[in-house]
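Engineer: got a predicted structure here, sequence first:
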Amino acid sequence: MVKLNIGGVPEHFNLPWHLCIEEGAFKDAEINLQWNEYAGGTGAMCKGLRDGDIDIAIILSEGIVKDIIAGNPSKIIQTYIETPLVWGIHVGANATPTTITDLKGEKAAISRFGSGSHLMAYVHAQQQGWNTSELDFDVIQNLNGAIDSLSKTNNYFLWEHFTTKPLVDNGTFRRIGDIPTPWPCFVIAVREEILNTEPEAIKQVLQVINNKTRSFKNTPEIDQLLAERYQQQLADIKKWLSITEWSQQQINIETLDKIQSQLFDLDIINKKVNSSILQW
């Protein structure tokens, strides 16, 4: 049996992985898949891949593209979520800003440099016509760090809309806007060493998870299970499911070209590469 470590955020997108693990589907395929929670998000998972702490990551497309170009010895093996991620733009309950315009000049709270919250702050600033070179950041590690930061400052924080919805509902955050990613949000990335030594095991992992995600939305009472596990309102989960599609295909070259072009235009990467080298 091949042991593999996988990392992902503690969010509703990843329930199919947990169900496959709990149901023994990976063990039936001779894979001992160990889940590792990364509350710090994409930046933390990039480090995990580089350090060999995890072999596989369910990771934001733009974040892993940036890090592979920067030397992360990993490859994208498939799109996981085909639809965009909707990022809520949040401030603290008592913060001064009330509109997007008011955020100009304020610090963006980010989990870490290279994370989705960091990269999307640039995308958002560009859309607003702000000078992205003037952006300032406060590294807060994770959602709990954001709660602390936003309670004391006028910082703003970009995080997945539905994950933060309970904090908006209870008055911890105010959401003053949304911004969707301009591309499919999550991909599956694997360390090159594992792709070289265990290619058949990786193919088995994909077969198992793809079998689950093909029918995931049709699972009886899946909306109720998601709401219970992730402490969400049922109505919010129903809305999220209606706008979310899982993928069983490799990310296409045109999408990778688009991501690279956007990151390059924002000076987040200093070069563009042939997108095929980002793929397995």
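Structural biologist: Arrived safely, thanks for sending. Numbering: from 1, shown residues only.
Engineer: hey, let's count contacts and neighbours off CA atoms from now on
Structural biologist: Fine.
Engineer: residue 161: what's it in contact with?
Structural biologist: Going by CA atoms under 8 Å, 6 or more residues apart in numbering, residue 161 touches 86-88, 178.
Engineer: mind running it again at 10 Å?
Structural biologist: By CA atoms under 10 Å, 6 or more residues apart in numbering, the residues touching residue 161 are 85-90, 168, 175, 177-180, 236, 240.
Engineer: now swap in residue 247 and tell me
Structural biologist: Residue 247 is in contact with 78-83, 184, 186-187, 210, 213-214, counting by CA under 10 Å, 6+ apart.
Engineer: what do you get for residue 92?
Structural biologist: Residues in contact with residue 92, defined by CA under 10 Å, 6+ apart, are 146-157, 167-168, 171-175.
Engineer: among the contacts of residue 247, which are in helices?
Structural biologist: Under the assignment DSSP state H, the contacts of residue 247 contribute 210, 213-214 to helices.
Engineer: sort the contacts of residue 247 by pLDDT and name the bottom one.
Structural biologist: Within the contacts of residue 247, residue 184 has the lowest pLDDT, namely 91.
Engineer: ok, it touching residue 249?
Structural biologist: No. Using CA atoms under 10 Å, residue 184 makes no contact with residue 249, being 11.6 Å away.
Engineer: follow-up on the earlier one: could I get the ones in helices among the contacts of residue 247 as JSON lines with distance to residue 122 and neighbour count?
Structural biologist: Below are these laid out as JSON lines (distance: CA to CA, whole Å; neighbours: other CA atoms under 10 Å):
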{"residue": "210", "distance to residue 122": "32", "neighbour count": "19"}
{"residue": "213", "distance to residue 122": "31", "neighbour count": "20"}
{"residue": "214", "distance to residue 122": "33", "neighbour count": "13"}
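Engineer: assign the closest residue to residue 161 other than its chain neighbours to helix, strand or coil.
Structural biologist: What sits nearest to residue 161 in space, not counting adjacent residues and going by CA to CA, 6 or more residues apart in numbering, is residue 88, at 4.4 Å. Secondary structure, DSSP: H, G, I helix; E, B strand; the rest coil: residue 88 is strand.
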